[in-house]
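J.: no sequence on hand, only this structure:
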């Protein structure tokens with residue numbers, strides 16, 4: 001364990017101690033002993049800017065990059081599992097994710113620059129709690145859950161209960177650690193898609209991210225179910241539950257799809273933003289992308305059965 005390193009990367013970045021634990025129990029012990037003044041760091045692509053902007057001012061950083069077994073993506077016990085050190089590049093390029101959770105691969109491939117995708121972890125991006133995070137929205141649609149550990153034990157939190165407010169999640173990052181994200185792989189009659197609208201500028205924040213998971217009976221031309229996740233058009237990422245209810249067992253018809261898209265726009269709660277546009281514009285974009293997402297999902301299901 002390296003301690004007391006007192007690293008100062010610039011005048012705007014300062015902390016008192018920097019540790020590199022060799023095991024999860026050691027990392028949790030360091031968090032507990034720091035009395036609420038520590039933060040986990042891995043890729044640092046979210047935390048370092050927050051420290052620079054004084055949004056967070058930890059006295060202790062606990063670097064988990066040396067912990068073994070946390071950089072794997074695997075199919076185990078009926079779930080796809082991603083460890084806390086899995087990067088966006090790993091997710092974007094994973095054959096398992098592309099085959100069984102394509103929306104997540106699409107979301108990860110669009111985040112930031114190649115350098116950020118190579119360094120930044122999916123877990124770090126999720127724990128930052130931003131309502132439009134490129135991997136958070138598809139994971140929400142995929143019915144993901146997180147494993148959280150501390151010296152007090154372990155708990156599993158569904159994504160639908162994970163986000164409390166903008167930048168705030170159900171995890172106490174000063175004492176707890178997310179070790180894993182898991183979700184069920186999609187089956188033959190299921191598919192997913194992630195769509196993103198952003199300004200024509202490198203590294204631009206998304207105006208809207210929509211992820212759709214669909215199951216349908218193409219012979220009977222009916223939807224089995226849909227899961228539709230959206231952000232950032234509310235304080236937290238959210239599922240358009242009323243829209244999902246309307247699509248359940250509904251016929252695959254043009255009018256049904258258009259009505260679902262309108263309903264998703266009504267469920268959204270965007271505010272007028274200088275960066276992302278007016279409330280009216282953003283609602284219109286929600287309807288447009290949700291409709292495109294549903295139609296593209298149907299196309300992908302049809303492609304599976306050609």
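T.: Nice, I can see it. Remember, predicted model here, so these are calculated numbers, not experimental data. Numbers count the residues shown, from 1 in each chain.

J.: relative to residue 253, how far out is the residue lying closest to residue 257 once chain neighbours are set aside?
T.: Of all residues not flanking residue 257 in the chain, residue 294 sits nearest, at 5.2 Å (Cβ to Cβ, 6 or more residues apart in numbering). C-beta coordinates here come from the backbone N, C-alpha and C atoms, glycine included. Residue 294 sits 11 Å away from residue 253, going by Cβ to Cβ, to the nearest Å.

J.: all helices for the protein, in order.
T.: 24-33, 47-52, 88-93, 95-100, 102-109, 114-119, 122-127, 136-141, 159-162, 241-247, 254-267, 279-304 (DSSP state H).

J.: on that earlier part again, give the contact list for the residue nearest to residue 257.
T.: Listed by Cβ atoms under 8 Å, 6 or more residues apart in numbering, the contact partners of residue 294 are 212, 214, 226, 247, 257, 260, 261.

J.: again with residue 42
T.: Counting by Cβ under 8 Å, 6+ apart, residue 42 makes contact with 63, 64, 65, 84, 85, 121, 123, 124.

J.: okay, the fourth one: pLDDT?
T.: pLDDT for residue 84: 97.

J.: near it, how many other residues are there?
T.: Look at residue 84: counted by other Cβ atoms under 10 Å, it has 26 neighbours.

J.: my read: residue 256 touches residue 243, true?
T.: No - Residue 256 lies out of contact with residue 243 (Cβ atoms under 8 Å); the separation is 10.9 Å.

J.: who's more crowded, these two?
T.: Ranked by neighbour count (other Cβ under 10 Å), residue 256 and residue 243 place residue 243 first, with 24 against 16.

J.: do you know how far the more buried one is from residue 264?
T.: According to Cβ to Cβ, residue 243 stands 4 Å off from residue 264.

J.: tell me the residues that contact both of those two, please.
T.: By Cβ under 8 Å, 6+ apart, the residues touching both residue 243 and residue 264 are 228, 290.

J.: list the contacts of the closest residue in space to residue 289 that isn't next to it in sequence.
T.: Once flanking residues are discounted, residue 289 sits nearest to residue 210: 4.3 Å by Cβ to Cβ, 6+ apart. Neighbouring residues of residue 210 by Cβ under 8 Å, 6+ apart: 137, 194, 195, 196, 228, 229, 230, 286, 289, 290, 293.

J.: could you dump the residues you listed to a markdown table with distance to residue 107, neighbour count and pLDDT?
T.: Compiled in a markdown table, these are given as follows (distance: Cβ to Cβ, whole Å; neighbours: other Cβ atoms under 10 Å; pLDDT from 0 to 100):
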| residue | distance to residue 107 | neighbour count | pLDDT |
| --- | --- | --- | --- |
| 137 | 6 | 31 | 97 |
| 194 | 4 | 29 | 97 |
| 195 | 9 | 21 | 96 |
| 196 | 7 | 20 | 91 |
| 228 | 14 | 29 | 98 |
| 229 | 10 | 27 | 98 |
| 230 | 13 | 31 | 96 |
| 286 | 17 | 25 | 95 |
| 289 | 13 | 25 | 96 |
| 290 | 16 | 29 | 97 |
| 293 | 12 | 28 | 97 |
